[in-house]
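Trainee: got a structure for you, letters missing:
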């Protein structure tokens, strides 16, 4: 409901009150029973108008925006959220793919340590051994060489530090 709706409902209610008061005066005055039914109908219409006005006042906190505008906004928000869900699904799919690739690389390292004695050579990735390609083996070799260099550098650093302390 908008402010204009509230004002319009208030005008209708005030007109209903005026009509009810006029018919009550006629009933209590000279007309008597001839206007009684009209007066009862005016009382009913005044109550209907009062309820309509109060309903519009209660609905006023909806930013005074008409329902059609609010509905259009909600539909646009629904479309935006649907697009966001699609984007998040793509992101999860990409993350899953990246994790599978990383796990294949870890599997390749595990094959080095496993020496072929275990069934799948993996603890986390449930793929087949055929997923281990030349690229994965090359990455494992590269990572193993990095580990060797890291270990040797760390050992050298410890040796230097212990030599400086003595």
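Mentor: Structure received. As the structure is a prediction and not an experimental result, all values here were calculated from the model.

Trainee: what's stretch 42-60 in contact with?
Mentor: With Cβ atoms under 8 Å, 6 or more residues apart in numbering as the test, stretch 42-60 has contacts from 1, 3, 5-6, 9-10, 12-13, 15-17, 19-20, 23-24. Yep, even glycine has a C-beta here, placed from its N, CA and C like the rest.

Trainee: Just the buried ones among the residues you listed, please.
Mentor: Buried members of these, counted by 16 or more other Cβ atoms under 10 Å: 1, 5-6, 9-10, 12-13, 16, 19-20, 23.

Trainee: How is the chain divided into domains?
Mentor: The chain is divided into the following domains under automatic domain parsing: 3-62, 71-165.

Trainee: so how far is the longest one off the chain centroid?
Mentor: For domain 71-165, the distance from its own C-alpha centre to the chain's C-alpha centre is 30 Å (Cα atoms, centre = their mean, to the nearest Å).

Trainee: And the average pLDDT for it is what?
Mentor: For domain 71-165, mean pLDDT rounds to 79.

Trainee: what ranges do the strands span in this protein?
Mentor: Counting by DSSP state E, the chain has no strands at all.

Trainee: Quick check: most distant residue from the centroid of it.
Mentor: Largest separation from the mean C-alpha position in the chain: residue 30, at 67.3 Å (Cα atoms, centre = their mean).

Trainee: ok so, going back, from the domains of the chain, which stretch is densest packed?
Mentor: Of all those, domain 3-62 carries the top mean neighbour count, a mean of 15, counting by mean count of other Cβ atoms under 10 Å.

Trainee: Give me the distance between it and the centre of its chain.
Mentor: 45 Å.

Trainee: End to end on stretch 19-37, go ahead and measure it.
Mentor: Taking Cα to Cα, to the nearest Å as the measure, stretch 19-37 stretches 13 Å from start to finish.

Trainee: Which strands and helices lie in contact with the biggest helix by length in the chain?
Mentor: In the chain, taking DSSP state H as the definition, the longest helix is helix 67-114. Under the contact criterion of 3 or more Cβ pairs under 8 Å, 6 or more residues apart in numbering; DSSP states H and E, helix 67-114 touches helix 134-165.

Trainee: angle of the helix it packs on against helix 67-114?
Mentor: Counting by axes from the mean of the first three to the mean of the last three Cα atoms, to 10 degrees, helix 134-165 lies at 70 degrees to helix 67-114.

Trainee: Helix 134-165 packs against which elements?
Mentor: Against helix 134-165 (3+ Cβ pairs under 8 Å, 6+ apart) you get helix 67-114.

Trainee: What distance do you get for residue 11 to residue 49?
Mentor: Per Cβ to Cβ, to the nearest Å, residue 11 is found 9 Å from residue 49.
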